[in-house]
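*Asks:* Pasting a predicted model and its sequence here:
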Amino acid sequence: MSAAAPSAQLSAFAPRVRIRRGASVAFMVAALLAIAISMIMLGALIVEIAVDGAARLFTDGGAVDREARGGGIISDLPTPAGMGWMTWAVPVAILFPFVGPRLVNALVPGLPRLAERAMGFIVVAPAAIFVHILYVRFESAYFVEYAKAVGIDGASGNIFQVLGEASGFQIVRLLLAGILVPLAIFAAGWFWSHRMRKPSLIIPAIMIAGWVVYLFMDPWFLSSFPSRKPAEAGIFSAVTGTLYMMVITAAVAFPLGVGAAIYLEEYARRNWFSRMIQVNISNLAGVPSIIYGLLGLQVFVRVLEFERSVLAGACTMALLVMPIIIVSAQEALRTVPPSMREAAYAVGATRWQVIRFHVLPYAFGGMLTGNILAMSRAIGETAPLIAIGALTFIAFLADSPTDDFTVLPIQIFNWVARPQSGFHEIAASAIIVLMVILLLMNAAAIIMRQRTRTDW
Amino acid sequence: MARNFFTLMRSSAPGATAAAEPDRATAPPPPPNVKQDDAGGGVHLDPTLAAVRHEITEAVDMALQLRNVSAFYGTFQAIDRMTMPIPQNRVTALIGPSGCGKSTLLRCFNRMNDLIPGARMEGEIEFEGRNLLDPNIDAVEVRRRIGMVFQKPNPFPKSIYENVAFGARINGYSGDMDRLVEDALRRAALWDEVKDELDKSGLALSGGQQQRLCIARAIAVQPEIILMDEPASALDPVATLKIEDLMRELAEHYTIVVVTHNMQQAGRVSDYTAFLLAGEERVGRLVEFGPTQEIFTNPLDQRTEDYITGRYG
Ligand SMILES: Nc1ncnc2c1ncn2[C@@H]1O[C@H](COP(=O)(O)OP(=O)(O)OP(=O)(O)O)[C@@H](O)[C@H]1O
Ligand SMILES: [Mg+2]
């Protein structure tokens, strides 16, 4: 390039009018398209899992005994919920960060990177949907048989018919699953585009590993409801109850907690009011959890009339872990050195742009770590849930967020308290499951902290 | 208009010669015992404001015109009523002992002090006919047009490309970003070293490269003025020389204000020099301003001479 070229180029920038900030229209359109496509895929996912959920619901509260299910052999089980989306999520997660943006770049060079990524999603989606259709084809023959066996009238393989029977909360549940999966995919893409190759491979790897584990593990204990006979009792309702509650807890507590931390660290003036809030947050972290249970009982169960529901439990848990999340998010924000903020301000960034493009990305790993640790505290909490009246014998899946529910620790507590030794054994099994979940969460937190650490 | 030719009269030192300028003829000479500030009507009897301002002999526009600029941190006054111009497309050096308010003054120019709780500025900094210190002026816009390079290199922990592109992107630049990044890196004399690894993290560069990356980042938003706060103090002599060469080249297109503790550096790179000094009460004041040549060869204030020759603190 000649020496004169740079200045010609730079002067193209020169009009000294106030330049429009924010995303360009083209990018908005691309992003909306991507969202639309993923919503369509989500729809397929919803239908898919709704079929499963409905089928399970219609098995009369898990009354199908082991003989009728063929002794718990995996191939005789109904299509496992979650397997369906894996068939398309895995190819998307693998293909999207690798192929999508490059394909788009080859087709239409010169797009902004974000648009490239968004369009990459669109390009890859058909491949994923194709895999999905193959999967449905493969499974539907079996599904018809199963539906007949469990008594869904006129089951013909038309999954839309079954969807009509699915309840509201099932849809919500599926939506949550549908949000988590695209999020995981996005995370994979994000790590990839930030040159963090290993994490971007870990996410699809986890999906594949989960699938493999599901194939080889006897899922009977995990997929059975509690029973009066230890041999038939399982932790299906406890695990799902725990997962529902955790998802709702995180969905409530993380945005609120991070928002509060951002406000306190980035926006609040240092005056007596913000100091008072700060001190009280620290105090709240030390309040015994049973007190939160009583608070939840009064506020969520009685005043707001959530009843003894998943929602009431999750809201109570969210209150319980909020101080932890806020404090850890504040610490994460404080690790971003002032020189980074100054550097961003010095090129004309607004306060929000500084937070959005610099402070939050650099602090996000730390925030996520804090959130996971807070969740791993919540997952083992028993007292507040007993206070708000979570039940111990739940022979059905929560049908709406206002349904009764149970969680793993309560189930374990219940079994341990029984005289029969058979229950003690399955309590031990349940404890192992709880421990595995906890260890996985803490491992995820440690990995996340290692991966996202920046040496300034 | 303020951006026309400036004539600054040396007001206190004896034996100075005032060149005849066209519009000087109409103005009556100030009384010898009264210090006349060019802030229009600002007549001070305060002897501490008796800054020596050498005459600017060349025809040059003024990028900034400071009038009675004071800055406070809470109740502590860091700089007191400084009045001087910043000539356009020239390198102006701010020199003075530690704590005399050089950084504070520099951070007034792009309203960086706004970010410090309790910091406050008074007076006027005229920039294209407007007062930069006016609270109605959008500080974000000011910072886009008056860029800054910091003492410690502070690249973002992102790729080299992203480091340079960030400012242009948030300001809505819609041209060819690759070209812009390349041009900025070329101007910062960094392109040849990094052109094959634009995806590498900015933090993976050496200190000198990082500082040039920061300069490229400042250039990429196409500012009019670039402020540099001791840009070479963390660098070895070779990297320092590179930065100095760079400043000289950049002065063709940009106005540069640089803080430095290195007298040789100030002498080498700057066209104009301002000497600041804080007295007993730690309030920084302007002592002498003028062409670097004059300040270094013919300082009119004893304190300037002492400082330059290394006899001062
Ligand atoms: N954020 C701040 N809050 C309170 N006082 C400050 C702040 N920053 C600087 N000061 C004070 O203002 C005065 C001028 O500081 P400044 O940083 O401008 O000095 P300087 O000339 O740049 O010194 P150096 O050459 O050491 O960088 C000093 O007395 C300093 O203590
Ligand atoms: Mg300084």
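*Replies:* Thanks, I have it. Ligands and ions are numbered 1, 2, ... in the order given.

*Asks:* Tell me the buried residues in the helix or strand harbouring B:Leu64?
*Replies:* Under DSSP states H and E, the secondary-structure element containing B:Leu64 is strand B:62-73. For strand B:62-73, the neighbour count (16 or more other C-beta atoms under 10 Å in any protein chain shown) marks B:Met62, B:Ala63, B:Leu64, B:Gln65, B:Leu66, B:Arg67, B:Asn68, B:Val69, B:Ser70, B:Ala71, B:Phe72 as buried. Just so you know, the C-beta spots here come from the backbone N, C-alpha and C atoms, and that holds for glycine as well.

*Asks:* Show me where the stretch 1-150 of chain A dips below the pLDDT cut-off.
*Replies:* Using pLDDT under 70 as the threshold, the predicted model of the stretch 1-150 of chain A has low-confidence ranges A:1-103, A:116-150.

*Asks:* what residues does it put near ligand 1?
*Replies:* By the criterion of C-beta under 6 Å from any ligand atom, no position of the stretch 1-150 of chain A is found lying close to ligand 1.

*Asks:* Please identify which of the buried residues of strand B:62-73 is nearest to chain A.
*Replies:* The shortest separation between chain A and any of the buried residues of strand B:62-73 is 13.9 Å, and it belongs to B:Ala63 (by C-beta to the nearest C-beta).

*Asks:* B:Pro85 versus that closest one, what's the distance?
*Replies:* B:Ala63 is 8 Å from B:Pro85, where distance means C-beta to C-beta, to the nearest Å.

*Asks:* Show me how the record splits chain A into domains.
*Replies:* Segmentation of chain A into domains, based on automatic domain parsing, reads A:78-217, A:236-455.

*Asks:* rank these by pLDDT, which is bottom?
*Replies:* Of all these, domain A:78-217 carries the lowest average pLDDT, namely a mean of 55.

*Asks:* Grab the nearest non-local neighbour of A:Gly110.
*Replies:* The shortest distance from A:Gly110 to any residue that is not its chain neighbour, by C-beta to C-beta, 6 or more residues apart in numbering or on different chains, is 7.7 Å, and that residue is B:Asp176.

*Asks:* Look at the one you found and say how many residues are nearby.
*Replies:* When neighbours are counted by other C-beta atoms under 10 Å in any protein chain shown, B:Asp176 registers 13.

*Asks:* got it, and A:Leu368?
*Replies:* Neighbours of A:Leu368 under the rule other C-beta under 10 Å: 21.

*Asks:* Touching, it and A:Met448? I think so.
*Replies:* Yes: A contact is recorded between A:Leu368 and A:Met448 when judged using C-beta atoms under 8 Å, the distance being 5.5 Å.

*Asks:* helix or strand for the most centrally placed residue in chain B, which one?
*Replies:* The residue lying closest to the centre of chain B (C-alpha atoms, centre = their mean) is B:Val257, at 2.5 Å. B:Val257 belongs to strand B:255-259 when assigned by DSSP H and E.

*Asks:* Parallel or antiparallel, list what pairs with that strand.
*Replies:* With DSSP bridges as the test, strand B:255-259 is paired with strand B:91-95 (parallel), strand B:225-229 (parallel).

*Asks:* For the last one, what is the distance to the chain centroid?
*Replies:* A distance of 6 Å separates the C-alpha centroid of strand B:225-229 from that of its chain, computed with C-alpha atoms, centre = their mean, to the nearest Å.

*Asks:* do the same with the first one
*Replies:* Here strand B:91-95 shows a centroid-to-chain-centroid distance of 6 Å under the convention C-alpha atoms, centre = their mean.

*Asks:* hang on, A:Phe405 packs against A:Val310?
*Replies:* Yes: taking contact to mean C-beta under 8 Å, the distance of 4.5 Å between A:Phe405 and A:Val310 places them in contact.

*Asks:* so how far is the strand holding B:Val257 off the chain centroid?
*Replies:* In terms of C-alpha atoms, centre = their mean, the centre of strand B:255-259 is found 4 Å from the chain centre.

*Asks:* if we can go back for a sec, which residues pair with the residue nearest to the centre of chain B across the strands?
*Replies:* For B:Val257, the beta-bridge assignment (DSSP bridges) gives partners B:Thr92, B:Leu227.

*Asks:* Was I right to think it contacts B:Thr92?
*Replies:* Yes: applying C-beta under 8 Å as the test, B:Val257 and B:Thr92 come out as touching, 5.0 Å apart.

*Asks:* and for the two, which residues touch both?
*Replies:* Taking C-beta atoms under 8 Å, 6 or more residues apart in numbering or on different chains as the contact rule, the neighbours common to B:Val257 and B:Thr92 are B:Ile86.

*Asks:* Write out the residues of the stretch 51-200 of chain B neighbouring ligand 1.
*Replies:* Proximity of the stretch 51-200 of chain B to ligand 1 is confined to B:Tyr73, B:Phe76, B:Ala78, B:Ser98, B:Gly99, B:Cys100, B:Gly101, B:Lys102, B:Ser103, B:Thr104, B:Ile116 under the rule C-beta under 6 Å from any ligand atom.

*Asks:* Just the buried ones out of those, please.
*Replies:* Using 16+ other C-beta under 10 Å, the buried ones in those are B:Ala78, B:Cys100, B:Gly101, B:Lys102, B:Ser103, B:Thr104.

*Asks:* mind listing what the fifth one touches?
*Replies:* Read it as B:Ser103. The contact partners of B:Ser103, by C-beta under 8 Å, 6+ apart, come to B:Asp229, B:Val259.

*Asks:* Of the strands paired with strand B:255-259, which stretch is the most buried?
*Replies:* Mean neighbour counts were taken over these using mean count of other C-beta atoms under 10 Å in any protein chain shown, and the top value, a mean of 27, falls to strand B:91-95.

*Asks:* For that strand, the averaged confidence score.
*Replies:* 94.

*Asks:* Report the mean confidence score over the helix or strand just after it.
*Replies:* Downstream of strand B:91-95, the next assigned helix or strand under DSSP H and E is helix B:102-109. Per-residue confidence for helix B:102-109 averages out to 92 on the pLDDT scale.

*Asks:* Pick out the residue in the stretch 151-300 of chain A sitting closest to ligand 1.
*Replies:* At 13.4 Å from ligand 1, A:Arg270 is the closest residue in the stretch 151-300 of chain A, using C-beta to the nearest ligand atom.

*Asks:* what about the helix or strand containing B:Glu141, near chain A?
*Replies:* Per DSSP H and E, B:Glu141 falls inside helix B:139-145. Yes: judged by C-beta under 8 Å from any C-beta of the partner chain, helix B:139-145 comes into contact with chain A through B:Val140, B:Glu141, B:Arg143, B:Arg144, B:Arg145.

*Asks:* Which ChimeraX command selects the buried ones in those residues?
*Replies:* In ChimeraX, this line selects whichever of these come out buried by 16+ other C-beta under 10 Å:
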select /B:140,143,144,145
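
*Asks:* Switch the residues of helix B:139-145 next to chain A over to JSON lines; also include distance to B:Ala168 and pLDDT.
*Replies:* Supplementary listing: the residues of helix B:139-145 next to chain A in JSON lines, determined by distance: C-beta to C-beta, whole Å; pLDDT from 0 to 100:
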{"residue": "B:Val140", "distance to B:Ala168": "15", "pLDDT": "90"}
{"residue": "B:Glu141", "distance to B:Ala168": "15", "pLDDT": "89"}
{"residue": "B:Arg143", "distance to B:Ala168": "14", "pLDDT": "92"}
{"residue": "B:Arg144", "distance to B:Ala168": "10", "pLDDT": "91"}
{"residue": "B:Arg145", "distance to B:Ala168": "13", "pLDDT": "91"}
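
*Asks:* for the residues of helix B:139-145 next to chain A, which one is nearest A:Arg377?
*Replies:* B:Val140 (40.8 Å; C-beta to C-beta).

*Asks:* Who are the contact partners of that closest one?
*Replies:* B:Val140 makes contact with A:Gly348, A:Ala349, A:Thr350, according to C-beta under 8 Å, 6+ apart.

*Asks:* again, only this time at 6 Å
*Replies:* The contact partners of B:Val140, by C-beta atoms under 6 Å, 6 or more residues apart in numbering or on different chains, come to A:Gly348, A:Thr350.

*Asks:* Please report how far it lies from B:Glu128.
*Replies:* When C-beta to C-beta is the yardstick, B:Val140 and B:Glu128 sit 16 Å from each other.
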